[in-house]
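Peer 1: my questions are about this predicted structure, shown below with the sequence.
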Number of protein chains: 2
Amino acid sequence: MAIGRKEKDTSKAATVKPKVVKPKAGKVAAGRGVVVPQRASVRKVTTGSDAQQQILDAVDALFYSEGARAVGIDAVVKRAGVNKMSLYRQFESKDALLQEYLVRRDQRFWGNFDASMAKHPGNPRMQLQQFFIDWAERAGSPDYRGCPFINVAIEFPDRAHPARQMVASNKRQLWDRLHALAVACGAKDSRLLTNGMALLIEGAYAASQTYNPAKPLLETMPRIAGDMIDAACRA
Amino acid sequence: MAIGRKEKDTSKAATVKPKVVKPKAGKVAAGRGVVVPQRASVRKVTTGSDAQQQILDAVDALFYSEGARAVGIDAVVKRAGVNKMSLYRQFESKDALLQEYLVRRDQRFWGNFDASMAKHPGNPRMQLQQFFIDWAERAGSPDYRGCPFINVAIEFPDRAHPARQMVASNKRQLWDRLHALAVACGAKDSRLLTNGMALLIEGAYAASQTYNPAKPLLETMPRIAGDMIDAACRA
DNA sequence: TATTCATGTTACCGATCGGTAACATTGCTT
DNA sequence: AAGCAATGTTACCGATCGGTAACATGAATA
């Protein structure tokens, strides 16, 4: 959640984008080409929000599988089946698409997290264990490409980039929730345990992309996390 | 080491690069422009290997700090202070530069690893501990950008890319050496301990780029690793 | 001194990048 | 039916991408 979300906002972002309108445009100022033919076949007219959804779906798939930086706008519009101008009427820029992408990924992440929690209400120890189990299962998916937030952080080295703030926000919230569970489990040093679990999670994300094959590592991860929790809670 | 290293090889890589020579070039075939002026001031003539070294240094710095994919050849030649053609006479392509980059990073990594080992000869437990301590210290450097191999893996999603094989090679060797140390430490389940340490290392690399601030996480990492080793070696 | 060959330099290529202007068409409202 | 705003389409922009041809210059060798 957090940072840049504007909650659906179909308002075309009016008022923004002054863009200085190129005041120095002496030149011809009109008549670029002739545009002309426009072959007569049926032209599908999508409603704006439909196009918006298809664009967001394409962005989600492409940014995740190929990298936000590596994917061009042309690839997005091609996959979404919409026109480039339809995209730029809905979204300010590629950076805006990146924001939306991260918001969606953040929501999906917490959806998964809460689903694991819901399997063992009132039992923090089992909730943590379930989280690691469910995580490892997802990581086994063939098209798994690791953590979208890590990937964005690495693709955008500038820590001042807005996307980086969303990454940091997601990770900080993850730490906070892990910490709350560690406390609820009765960990002697809850911060130490939380740091350990956070490192394991980040490590499993990274290892899924660097080790080949990564399966042996990822499959033992829930057990390693379980041992770590048990050790931290023992007297 | 491994994969694509050709050991200095100043041979201009003759015979390769057939490039089909554009057989369909009817056109004029000669006299592109006039090139002409070439202002007369002193023109420095670097020896090939000098330029090669400056290029590799520039590549190392730029690829690491900004990402191999994000850095253009123009940026490399500008930083190296050489001409673009001087680069392409020494290296086949940008991919070749990436290979060289990874080879150097691999050598540097094992240099650091061996340096940690050398501090406690014959004492695998202390060698492992020292490795984590030295690692954490390096990660505190202000321009730290995490693991160059993870970064490349994420920037190049195609697992068939040669660079990805070098990444996998580095990680597999790391696992093997950690495993040997785990065995020497007398770990009950040496593979499990190795997996745990590997996850912690990858996690610390990733967390250094995603958590903000990351210092609290990274500083406790040696202790977490130490606890993990102790637990694995206890009867 | 003359030849040779690697190096430095400029200009350019085709492709793609993110983004936009102008115009054609659609569909809803009135 | 008329008006109108939103959408679809084409063509284009300036910048940059990785990479190259042609030519000018340098320095060592012959």
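Peer 2: Received, thanks.

Peer 1: and for the closest residue to chain B within chain A, the neighbour number?
Peer 2: Closest contact between chain A and chain B, by Cβ to the nearest Cβ, is at residue A:203 (2.8 Å). Where C-beta positions appear, they are placed from N, C-alpha and C, glycine not excepted. By other Cβ atoms under 10 Å in any protein chain shown, the residues close to residue A:203 number 27.

Peer 1: touching chain B at all, the lowest-mean-pLDDT helix or strand in chain A?
Peer 2: When the helices and strands of chain A are scored by mean pLDDT, DSSP states H and E, helix A:48-66 comes last with a mean of 89. Yes. For helix A:48-66, a contact with chain B is found by Cβ under 8 Å from any Cβ of the partner chain, at A:65-66.

Peer 1: tell me which helix or strand comes right after that helix.
Peer 2: Later in the chain than helix A:48-66, the nearest helix or strand by DSSP states H and E is helix A:73-80.

Peer 1: do you know how far the closest residue to the residue of chain A closest to chain B other than its chain neighbours is from residue A:189?
Peer 2: Leaving out its chain neighbours, the residue that sits closest to residue A:203 by Cβ to Cβ, 6 or more residues apart in numbering or on different chains is residue B:203, at 2.8 Å. According to Cβ to Cβ, to the nearest Å, residue B:203 stands 18 Å off from residue A:189.

Peer 1: one step back: can you tell me the SS state at the residue nearest to residue A:203?
Peer 2: For residue B:203, the assignment made with DSSP: H, G, I helix; E, B strand; the rest coil gives helix.

Peer 1: hmm, it is touching residue A:208, no?
Peer 2: No. Applying Cβ atoms under 8 Å as the test, residue B:203 and residue A:208 come out as separate, 11.7 Å apart.

Peer 1: span of stretch A:135-152 from start to end?
Peer 2: Taking Cα to Cα, to the nearest Å, stretch A:135-152 runs 20 Å from one end to the other.

Peer 1: now do it: everything it contacts.
Peer 2: A:63-65, A:67-68, A:98, A:101-102, A:105, A:112, A:116, A:163-164, A:166-167, A:170-171, A:201-202, A:204-206, A:208-209, A:214-215, A:218-219, A:221-222, B:154, B:157, B:206, B:209-210 (Cβ atoms under 8 Å, 6 or more residues apart in numbering or on different chains).

Peer 1: ok, stretch A:52-64 next?
Peer 2: Outside stretch A:52-64, the residues touching it (Cβ under 8 Å, 6+ apart) are A:10, A:46, A:71, A:75-77, A:79-82, A:86-87, A:90-91, A:97-98, A:100-101, A:104-105, A:145, A:148, A:151.

Peer 1: quick check on these: which are buried?
Peer 2: Buried members of the contacts of stretch A:52-64, counted by 16 or more other Cβ atoms under 10 Å in any protein chain shown: A:71, A:76-77, A:79-80, A:82, A:86-87, A:90-91, A:97-98, A:100-101, A:104-105, A:145, A:148, A:151.

Peer 1: near DNA strand C, list only the ones from those residues.
Peer 2: Applying Cβ under 7 Å from any atom of the strand, the subset of these adjacent to DNA strand C comprises residue A:71.

Peer 1: who touches both of residue B:203 and residue A:208?
Peer 2: Common neighbours of residue B:203 and residue A:208 (Cβ under 8 Å, 6+ apart) do not exist.

Peer 1: any idea how far residue A:133 is from DNA strand C?
Peer 2: According to Cβ to the nearest atom of the strand, to the nearest Å, residue A:133 and DNA strand C sit 37 Å apart.

Peer 1: tell me the contacts of that residue?
Peer 2: A:116, A:222.

Peer 1: mind redoing it with 10 Å?
Peer 2: With contact set as Cβ atoms under 10 Å, 6 or more residues apart in numbering or on different chains, residue A:133 has these partners: A:116, A:119, A:126, A:221-223, A:225-226.

Peer 1: buried ones in whichever strand or helix holds it?
Peer 2: Using DSSP H and E, residue A:133 maps to helix A:124-139. Judged by neighbour count using 16+ other Cβ under 10 Å, the buried positions of helix A:124-139 are A:124-136, A:139.

Peer 1: got it, and stretch A:154-163?
Peer 2: Applying 16+ other Cβ under 10 Å to stretch A:154-163 flags A:154-157, A:161-163 as buried.

Peer 1: show the pLDDT at whichever residue of chain A sits closest to DNA strand C.
Peer 2: For chain A and DNA strand C, the shortest gap (Cβ to the nearest atom of the strand) falls at residue A:72, measuring 2.7 Å. Residue-level confidence at residue A:72 comes out at 96, pLDDT.

Peer 1: for residue A:93, what are phi and psi?
Peer 2: For residue A:93, the backbone dihedrals are phi -160, psi 180 (criterion: degrees, to the nearest 10).

Peer 1: gap between residue A:120 and residue A:130?
Peer 2: Look at residue A:120 and residue A:130: by Cβ to Cβ, they are 6 Å apart.

Peer 1: circling back to that earlier point, which ChimeraX command selects the buried ones in the contacts of stretch A:135-152?
Peer 2: In ChimeraX, this line selects whichever of the contacts of stretch A:135-152 come out buried by 16+ other Cβ under 10 Å:
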select /A:63,64,67,68,98,101,102,105,116,163,164,166,167,170,171,201,202,204,205,206,208,209,214,218,221,222 /B:154,157,206,209,210
